[in-house]
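Colleague: For reference, the sequence and a predicted model appear below.
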Amino acid sequence: MTQQDTPAQAERIRIFDTTLRDGEQSPGVALNHTQKLEIAHQLARLGVDVIEAGFPIASPGDLEGVSRIAREVRGPIIAGLARAGRPDIEAAAKAVEAAEKPRIHTFIATSPIHMQKKLNLEPDAVVERAVQAVQYARTFVDDVEFSAEDATRSEWAFLVRIFKAAVEAGATTINVPDTVGYTTPKEMRELFAYLKGELPAHVILSSHCHDDLGMAVANSIAAAEGGARQIECTVNGIGERAGNASLEEIVMAFHTRRDVYGFETGIRTREIYRASRMISRLSGMPVQPNKAIVGDNAFAHESGIHQDGVIKARETYEIMNAEMVGREAAVLVMGKHSGRAAFRKALTDLGYADMPDDKVQSLFARFKDMADRKGQIYADDLRALVDARSDVPQTFTLDGFQITSGMNMTPVAFVRLETPDGPVDATAHGDGPVEAAFQAINKITGLTPTLETYRIQAVTSGGDALGEVSISARHGETLLHGTGVATDVVEASARAWVRIQNMIVAGMGAERRQGDFAPGRI
Ligand SMILES: CC(=O)SCCNC(=O)CCNC(=O)[C@H](O)C(C)(C)COP(=O)(O)OP(=O)(O)OC[C@H]1O[C@@H](n2cnc3c(N)ncnc32)[C@H](O)[C@@H]1OP(=O)(O)O
Ligand SMILES: CC(C)C(=O)C(=O)O
Ligand SMILES: [Mg+2]
C-alpha cells in the first residue's frame with residue numbers, strides 16, 4: 001500500500017495499560033501508592049483507554065493503591081484484576097467502586113497444563129468457575145473483562161466454549177493472553193480471526209502478549225489484524241519475566257505505518273517519553289539504550305554516512321520525529337564512525353563556526369585518533385582538541401603546590417605560580433583539595449572563572465597511571481576548556497585551571513551555541 005492508499009477512516013484500537021499491574025509484576029519492582037498515583041495521572045495524560053491499576057486481593061496496600069487511583073484519576077476506565085473467586089472479585093469491586101468508569105477483570109487458566117497441574121480442575125469446572133466469576137462481577141459493575149490465562153496454549157474449541165459462556169454471563173471484553181510468550185504473529189492473526197467469527201459482534205476482543213521470544217509487539221499487532229480492538233501493554237514493555245508488549249512500540253507502529261495497518265489509538269504521542277522516563281525512574285528499571293522509541297540511542301546517529309544524511313535531510317535516516325514522542329530532536333553522537341560533515345557541524349555547534357577548512361581537516365585526523373582511543377567523544381573532548389592546537393601564551397605557569405587535607409579538617413592549598421612579575425605564592429582553603437588549589441590560583445591571577453564541568457579519567461593503567469582532568473569553565477559569556485595530565489589528580493586539576501586562566505588573559509575561548517548535540521554527549 002502506498003501513502004495515497006492510506007485509509008481515510010482508521011479503525012480505533014483501545015490501549016489497555018497494565019504497567020501498574022503486570023508491569024509491577026517485574027521481579028524486584030514494588031510501587032507505593034504515591035508512585036502508582038503519579039504514574040496513573042501520567043497514563044491519563046498519555047490518553048490510555050484503560051488503566052489496570054493493580055490486583056486488589058494481593059495485599060491491603062494494593063487494594064488501597066487501586067482505590068486511590070479510582071478516586072482521583074479521571075478519564076480512563078480503571079480496572080482491578082481478580083481470580084475467578086468471590087474474595088478476589090469483592091476486593092476488586094471495592095477497589096474500583098469510586099471510579100468514574102470501573103471495570104473488573106477476572107481470569108482463569110484454560111490450557112491443559114494449567115488446568116491439570118496448577119488449578120487441578122476439569123475443563124467443565126473451569127468453565128463453571130469462569131461463568132460464576134463473571135456473573136458475580138456483573139453484580140458490582142457493568143464493565144467486566146474475562147481472560148483465559150495461557151490462551152495460546154489452549155485448545156481453540158475450548159476457548160470458544162468458555163468465551164461464549166463468559167459473554168453470556170455478562171463479559172463485555174474477551175482477552176486472549178499469550179501468557180508465556182509462546183505464540184507467533186501468524187498463529188495470533190489466525191486465532192483472532194477464528195474467534196471473531198465465533199463470538200458475537202458486540203464483544204471487544206483483546207490481546208495480552210508477553211515477550212519471552214521477543215515477539216510481543218509483533219504478536220499484538222497481528223492480533224489487531226485478526227480482529228482485536230483492545231491491546232494490553234505496558235510502558236517500556238516492563239512486566240513478568242521478559243516483559244509485556246511495549247505500549248510505545250505498538251502505538252508508534254500504528255501511527256507511523258497507518259498506511260499499512262489502518263489503525264489509530266487515542267494516545268497523545270508527545271506524552272510517551274515523559275511516561276517512559278517516569279516509569280523507569282519509579283520502577284528502578286533502566287531502559288536499554290537501543291530500545292525502540294524511548295531508548296537513549298533511538299534518535300541518535302554516530303555513523304558518518306548517517307550523520308551526513310541527517311544533516312542534509314533528517315528523513316534519510318529517521319522514520320519518526322523525536323518531537324512526536326516528546327523527546328528533543330535527534331542527536332549526533334561523535335565517535336570513531338563519524339565523518340567530516342558531522343565533525344564540522346559539531347564544531348559549529350560548539351562555537352567554532354568560522355574555523356577555516358584546512359584547520360578542520362587537520363583537526364579531523366586528530367579527532368579520529370582520539371576516538372579510536374576513547375570511543376565516544378564528548379563536547380569537552382572536542383573543545384580540548386581545538387584548544388590543544390592553539391598555542392596558549394604561558395602568562396602563568398605552575399611552579400609548585402602543597403596541600404594539607406584530611407578527615408574532619410578544611411583542606412588548605414599553598415600554590416606558587418611563575419607570573420610576569422616573578423614567582424607569587426598564595427594560600428587558600430576550599431571544600432576539597434582541588435577547590436582549595438583553584439582558589440589559591442585565582443588569588444594570584446585575580447581571575448575568577450566559574451567551573452561548569454569537571455571530568456577525570458585515567459589515561460594509562462597501573463599504580464602510576466596518569467590522570468587526565470578536563471575542565472570547562474565560564475568567564476562572562478565565554479566558555480573555556482582546559483586539560484591537565486599528571487599522576488597526581490590535584491596537580492592535573494591545577495594545571496588545567498592555570499591553562500584556563502592563561503586562555504582568559506589571551507582572550508581565547510568560544511561562545512556557547514545551541515546545536516543538535518545532546519548535552520553530555522556533545
Ligand atoms: C498471568 C498472571 O499474570 S496472573 C497474575 C499473577 N499475579 C500475582 O500472582 C500477583 C499477586 N499474587 C498474590 O499476591 C498471591 O499470589 C495471591 C494473594 C493472589 C494468592 O496468594 P495465596 O492465597 O497465598 O495463593 P498462592 O499464590 O500460593 O497460589 C495461588 C492459588 O490461586 C489459584 N489460582 C490461580 N489462578 C487462579 C484463578 N484465575 N482463579 C482461581 N484460582 C486461581 C491457584 O490454583 C492456587 O490455589 P491453591 O492454593 O488452591 O493451589
Ligand atoms: C492475568 C492475565 C491477563 C495475564 O496477565 C496473563 O495471562 O499474562
Ligand atoms: Mg500477563
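Modeller: Looks like it arrived, so ask away. Numbers count the residues shown, from 1 in each chain. Ligands and ions are numbered 1, 2, ... in the order given.
Colleague: What separation do you get for the residue of the stretch 351-500 of the chain found nearest ligand 2 and Val29?
Modeller: Distances between the stretch 351-500 of the chain and ligand 2 by CB to the nearest ligand atom are smallest at Gln376, namely 38.9 Å. Every residue, glycine included, has its C-beta placed from N, CA and C. Remark: distance between Gln376 and Val29 (CB to CB, to the nearest Å) = 30 Å.
Colleague: Is any residue of stretch 159-169 near ligand 2?
Modeller: No: residues of stretch 159-169 are not located near ligand 2 by CB under 6 Å from any ligand atom, the shortest gap being 13.1 Å.
Colleague: returning to that earlier point: wouldn't the residue of the stretch 351-500 of the chain closest to ligand 2 be in contact with His337 here?
Modeller: No: here Gln376 lies out of contact with His337, judged by CB atoms under 8 Å, at a distance of 10.6 Å.
Colleague: Worst mean pLDDT across the helices and strands of this structure, which element?
Modeller: Every helix and strand in the chain was compared by mean pLDDT, DSSP states H and E; the lowest is strand 510-511, with a mean of 60.
Colleague: Pull out the C-alpha coordinates of the helix or strand encompassing Ala222 and format them as PDB.
Modeller: With elements taken from DSSP states H and E, the one containing Ala222 is helix 216-226. Output in PDB follows, covering the C-alpha atoms of helix 216-226 (Å, rounded to 0.1, in the frame of the first residue of the first chain):
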ATOM      1  CA  ALA A 216       5.100  -9.500  22.000                       C
ATOM      2  CA  VAL A 217       4.700  -6.300  19.900                       C
ATOM      3  CA  ALA A 218       4.500  -8.300  16.600                       C
ATOM      4  CA  ASN A 219       2.000 -10.700  18.100                       C
ATOM      5  CA  SER A 220      -0.100  -7.800  19.400                       C
ATOM      6  CA  ILE A 221      -0.200  -6.100  16.000                       C
ATOM      7  CA  ALA A 222      -1.100  -9.500  14.400                       C
ATOM      8  CA  ALA A 223      -3.900  -9.800  16.900                       C
ATOM      9  CA  ALA A 224      -5.200  -6.500  15.800                       C
ATOM     10  CA  GLU A 225      -5.000  -7.600  12.200                       C
ATOM     11  CA  GLY A 226      -7.000 -10.700  13.100                       C
END
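Colleague: Show the average pLDDT along it.
Modeller: Averaged across helix 216-226, pLDDT comes to 98.
Colleague: again with stretch 418-437
Modeller: 94.
Colleague: Any buried residues in that stretch, and which?
Modeller: Judged by neighbour count using 16 or more other CB atoms under 10 Å, the buried positions of stretch 418-437 are Glu418, Val424, Ala426, Ala428, His429, Gly430, Pro433, Val434, Glu435, Ala436, Ala437.
Colleague: re the thing from before, following element in sequence after the helix holding Ala222, please.
Modeller: Following helix 216-226 in sequence, per DSSP H and E, is strand 230-233.
Colleague: Neighbouring strands of that following strand in the sheet, and parallel or not?
Modeller: Strand 230-233 sits in its sheet next to strand 14-17 (parallel), strand 204-209 (parallel), going by DSSP bridges.
Colleague: Need the residues that contact the last one.
Modeller: By CB atoms under 8 Å, 6 or more residues apart in numbering, the list of residues contacting strand 204-209 from outside reads 14, 16, 18, 22, 145, 147, 172-179, 181, 183, 188, 192, 195-196, 199, 215-217, 219-220, 223-224, 227-233, 244-245.
Colleague: thought Leu385 was touching Phe367?
Modeller: Yes: with contact defined as CB under 8 Å, Leu385 reaches Phe367; the gap is 6.0 Å.
Colleague: more crowded one of those two?
Modeller: More neighbours surround Phe367 than the other of Leu385 and Phe367, with 24 against 19 (other CB atoms under 10 Å).
Colleague: Return the residues in contact with that one.
Modeller: Met334, Ser338, Phe343, Ile377, Leu382, Leu385.
Colleague: gap between the fourth one and ligand 1?
Modeller: Relative to ligand 1, Ile377 is positioned 45 Å away (CB to the nearest ligand atom, to the nearest Å).
Colleague: ok, now the third one?
Modeller: Separation of Phe343 from ligand 1 (CB to the nearest ligand atom): 50 Å.
Colleague: same check, this time on the second one
Modeller: Noted for Ser338: a distance of 45 Å to ligand 1, by CB to the nearest ligand atom.
Colleague: what do you get for Leu81?
Modeller: 7 Å.
Colleague: Pretty sure that residue sits in a helix.
Modeller: No: with DSSP: H, G, I helix; E, B strand; the rest coil as the criterion, Leu81 is strand rather than part of a helix.
Colleague: Chain neighbours aside, what residue packs nearest to it?
Modeller: In this structure, Leu81 finds its nearest non-sequential neighbour in Phe55, 4.4 Å apart by CB to CB, 6 or more residues apart in numbering.
Colleague: go on, Phe192?
Modeller: Using CB to CB, 6+ apart, the nearest residue to Phe192 is Gly226, at 2.8 Å.
Colleague: and this protein, which residues reach ligand 1?
Modeller: Counting by CB under 6 Å from any ligand atom, the chain sits next to ligand 1 at 22, 25, 55, 57-58, 83-85, 107-108, 118-119, 149, 179, 240.
Colleague: of all these, which two lie farthest apart?
Modeller: Gly85 and Glu240 (20.7 Å; CB to CB).
Colleague: For those two, indicate the residue with more neighbours.
Modeller: Glu240 (19 against 15).
Colleague: what subset of the residues of the chain next to ligand 1 is also close to ligand 2?
Modeller: Within these, those near ligand 2 by CB under 6 Å from any ligand atom are Asp22, Phe107, Glu149, Thr179.
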